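Participant: here's a sequence, model it:
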Amino acid sequence: MTTPAGPGRRPLRTALLAVIAVGLVLLGGGVAVALGIGRDEQPAADSVDAGFARDMSRHHLQGVEMANLVAERSEDPEVESLAFDISATQTNQAGRMQGWLVLWGVPLTGGETMAWMPAGEHGGHDMAGMDMAPGALMPGMATEEELAELRSLTGTEFDVEFLRLMIRHHQGGFDMADHAAEHADVQAVRDLARSIQQSQGVETETMTDMLTARGGTPLPAP
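Facilitator: Purely as a prediction, here's the structure:
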């Protein structure tokens, strides 16, 4: 017969839950150290590591937003498969980068956009005259007008515009990844930046071929 959990059992259950919670935190901390992000000296808010994690996670999340439109607006299995891969990969990567910022005690938002890259030239993009205030669009990101237009389309028209915007989006993030791969201090950040370089380079080539096959032409590179 099962004994009801009386008042005397509640403190024990609470204590057990607390022990489990502490264990999970310690496990997470161990993983962080293994990744090279549990150091005594954490990256500062204006470091390459923090700037890349903050800006690239926001850049990624717009890519996820666009990819998540595909399921309801496309009828093309190849485009749907591509979008699923982009959404899953960039959601995972954005979560990792935001998790690092939390571990480092760095705000998830704020700070001048891309200020962690060289002044005047940002990885090959001439940023002169561009708005680099907090929250400003980074190279390759779609405007609200472009996103609204994309949401209004279906079928092949949607597929073509989606590919055009996503190709430019990937191109815009490449220079950020390139700079972080060379200049970040934390090994895990450099490794992720290189992974983004490689995967988005391959995806850009694939999407360009897909776009051509559907009668579209790429947007000007950012």
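
Participant: show me where the chain has helices.
Facilitator: 9-34, 48-67, 70-73, 77-104, 144-151, 155-183, 187-213 (DSSP state H).

Participant: those: which one's closest to residue 116?
Facilitator: helix 48-67 (2.7 Å; CB to CB). All C-beta atoms are positioned from the backbone trio N, CA, C, and that covers glycine.

Participant: helices or strands up against the closest one?
Facilitator: Using 3 or more CB pairs under 8 Å, 6 or more residues apart in numbering; DSSP states H and E, the elements in contact with helix 48-67 are helix 77-104, helix 144-151, helix 155-183, helix 187-213.

Participant: adding distance to residue 110, mean neighbour count and mean pLDDT, write the ones you listed out as JSON lines.
Facilitator: What follows is the helices and strands packed on helix 48-67, written out as JSON lines (distance: least, CB to CB, whole Å; neighbours: other CB atoms under 10 Å; pLDDT from 0 to 100):
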{"stretch": "helix 77-104", "distance to residue 110": "11", "mean neighbour count": "17", "mean pLDDT": "97"}
{"stretch": "helix 144-151", "distance to residue 110": "21", "mean neighbour count": "13", "mean pLDDT": "98"}
{"stretch": "helix 155-183", "distance to residue 110": "17", "mean neighbour count": "21", "mean pLDDT": "97"}
{"stretch": "helix 187-213", "distance to residue 110": "19", "mean neighbour count": "17", "mean pLDDT": "97"}
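
Participant: and the gap between residue 213 and residue 78?
Facilitator: Between residue 213 and residue 78 the distance is 9 Å, computed by CB to CB, to the nearest Å.

Participant: local confidence estimate at residue 72?
Facilitator: You'll see residue 72 listed with a pLDDT of 97.

Participant: what about it, how many residues nearby?
Facilitator: The local packing of residue 72 (other CB atoms under 10 Å) involves 9 other residues.

Participant: before we move on, what about residue 221?
Facilitator: Around residue 221 sit 13 other residues, with neighbours defined as other CB under 10 Å.

Participant: fine, thanks again, bye for now.
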